[in-house]
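Engineer: Sharing a model prediction with you, sequence too.
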Amino acid sequence: MKKVITTIVSVMLVSLLLIGAVFCFTGCQNKKDDSKLYVGMECGYAPFNYTQTDASNGAVKISNADGYANGYDVMIAKKIAEALGKELVIVKYKFEALIPAVNAKSLDMIIAGMSPTADRKEAIDFSDAYYTSQLVIVVRKTEYKGKYANATKLADFKGAEIAAQIGTFHNDALQAQAKKYGILPQTPMSDFPALINALKTGAIDGYVAEEPGAKADCAANEELTYIPLKNNDTGFDASPADVQIAIGLIKNSSIKDQINAALKKISAEERVKMMGDATFYATGKTVLPDPVPEE
């Protein structure tokens with residue numbers, strides 16, 4: 001009996017040591033250099049954020065993966081880091097892991113083409129918007145067996161198999177509104193490269209994207225085009241919060257006011273130019289810019 005008790009105690013001690021090691025590891029992972037600004041993004045959502053092989057065009061080395069991050073989000077992150085007087089550190093995360101990472105204090109903020117939806121606002125705080133866009137659908141061109149290249153409104157997609165990225169408002173809108181238009185919503189996919197591949201191989205008829213992302217995808221893939229839908233008109237029903245893009249922060253962040261002040265200094269004209277540059281850097285092609293939004 002004594003031997004059994006000794007064995008049980010030994011097992012308990014080992015378990016406690018393992019638990020302690022896990023907590024120590026997690027804590028160490030969360031320790032950050034206060035002189036640096038840790039910003040999370042996918043590094044795979046052009047032109048907002050994407051990965052390239054070198055530091056050209058102002059790209060920033062990804063801290064936890066190969067390659068360099070560039071895009072509109074990176075440009076915004078640079079301006080925020082400068083305003084805060086900190087060195088920018090880009091950390092690559094899966095989109096659905098970004099909010100938990102902020103709440104775990106592994107990240108200082110999310111700058112990843114993220115919309116401040118009502119559900120997300122329950123988990124984290126957001127800055128003022130730094131971009132507003134339309135939800136559109138990317139399809140194959142007619143000459144590449146695309147059946148929906150001449151669509152002009154959501155009703156034209158009756159019977160179409162349409163997908164979106166998991167964890168995004170794009171997918172929320174698709175799943176909630178597809179039935180109304182006879183659209184067949186597909187299982188959401190992990191990222192935009194997966195969506196592009198599925199579309200090009202004919203596994204789906206189209207995917208939901210924001211207009212800047214659609215422009216970049218189509219510029220980089222000659223088989224693709226997009227249908228320029230308009231929110232709350234020919235396209236998806238969406239509130240301003242759904243289609244705006246803002247910086248995600250832990251609740252009651254002490255730097256929120258400083259971030260908003262920095263964003264206010266970026267004019268509408270400069271934002272349009274930044275998006276144009278980001279698309280060109282990602283694709284090597286110039287696309288028509290979005291109109292300058294009203295201040």
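Structural biologist: Cool, the structure landed. Residues are numbered from 1 along each chain as shown.

Engineer: can we go C-alpha only for contacts and neighbour counts from here?
Structural biologist: Fine.

Engineer: Can you give me the end-to-end span of stretch 83-103?
Structural biologist: 23 Å (CA to CA, to the nearest Å).

Engineer: Same check on stretch 57-76?
Structural biologist: OK, stretch 57-76 end separation, CA to CA: 14 Å.

Engineer: ok, now stretch 234-251?
Structural biologist: 36 Å.

Engineer: tell me, which strand in the chain spans the most residues?
Structural biologist: When the chain is parsed with DSSP state E, its longest strand is strand 125-132.

Engineer: helix or strand right after it?
Structural biologist: strand 135-140 (DSSP states H and E).

Engineer: Parallel or antiparallel, list what pairs with that next one.
Structural biologist: strand 206-210 (antiparallel), strand 224-227 (antiparallel) (DSSP bridges).

Engineer: Turn the ones you listed into JSON lines, columns for mean pLDDT, mean neighbour count and distance to Ala173.
Structural biologist: As requested, these are arranged in JSON lines below (pLDDT from 0 to 100; neighbours: other CA atoms under 10 Å; distance: least, CA to CA, whole Å):
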{"stretch": "strand 206-210", "mean pLDDT": "97", "mean neighbour count": "26", "distance to Ala173": "9"}
{"stretch": "strand 224-227", "mean pLDDT": "97", "mean neighbour count": "23", "distance to Ala173": "16"}
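
Engineer: for these, which one sits closest to Ala164?
Structural biologist: Distance to Ala164, taken as CA to CA, is lowest for strand 206-210 among these, at 5.2 Å.

Engineer: Run the angle between that closest one and strand 125-132 for me.
Structural biologist: 110 degrees (axes from the mean of the first three to the mean of the last three CA atoms, to 10 degrees).

Engineer: Quick one: residues in contact with strand 206-210.
Structural biologist: 133-140, 160-165, 170-171, 174, 195, 199 (CA atoms under 8 Å, 6 or more residues apart in numbering).

Engineer: What average pLDDT does the next helix-or-strand element following it get?
Structural biologist: Per DSSP H and E, the first helix or strand lying C-terminal to strand 206-210 is helix 211-220. The average pLDDT for helix 211-220 rounds to 93.

Engineer: if we can go back for a sec, nearest to Pro185, of the strands paired with strand 135-140?
Structural biologist: Per CA to CA, nearest to Pro185 of the strands paired with strand 135-140: strand 206-210, 9.5 Å.

Engineer: and the angle from the closest one to helix 211-220?
Structural biologist: Using the same axes, to 10 degrees: strand 206-210 against helix 211-220 is 130 degrees.

Engineer: Return strand 206-210 as PDB; C-alpha atoms alone will do.
Structural biologist: The C-alpha coordinates for strand 206-210 follow below in PDB (Å, rounded to 0.1, in the frame of the first residue of the first chain):
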ATOM      1  CA  GLY A 206     -16.700  32.100 -56.900                       C
ATOM      2  CA  TYR A 207     -15.600  33.500 -53.600                       C
ATOM      3  CA  VAL A 208     -16.400  36.600 -51.500                       C
ATOM      4  CA  ALA A 209     -13.700  39.200 -51.100                       C
ATOM      5  CA  GLU A 210     -13.300  42.900 -50.400                       C
END
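
Engineer: for Ala55, what are its contacts?
Structural biologist: Ala55 touches Lys61, Tyr68, counting by CA under 8 Å, 6+ apart.

Engineer: for it, phi and psi?
Structural biologist: Main-chain torsions, Ala55, degrees, to the nearest 10: phi -90, psi 10.

Engineer: any idea how far it is from Asp66?
Structural biologist: 12 Å.

Engineer: show me where the stretch 101-250 of the chain has helices.
Structural biologist: 118-123, 169-181, 192-200, 211-220, 240-243 (DSSP state H, counting those that start in this stretch).
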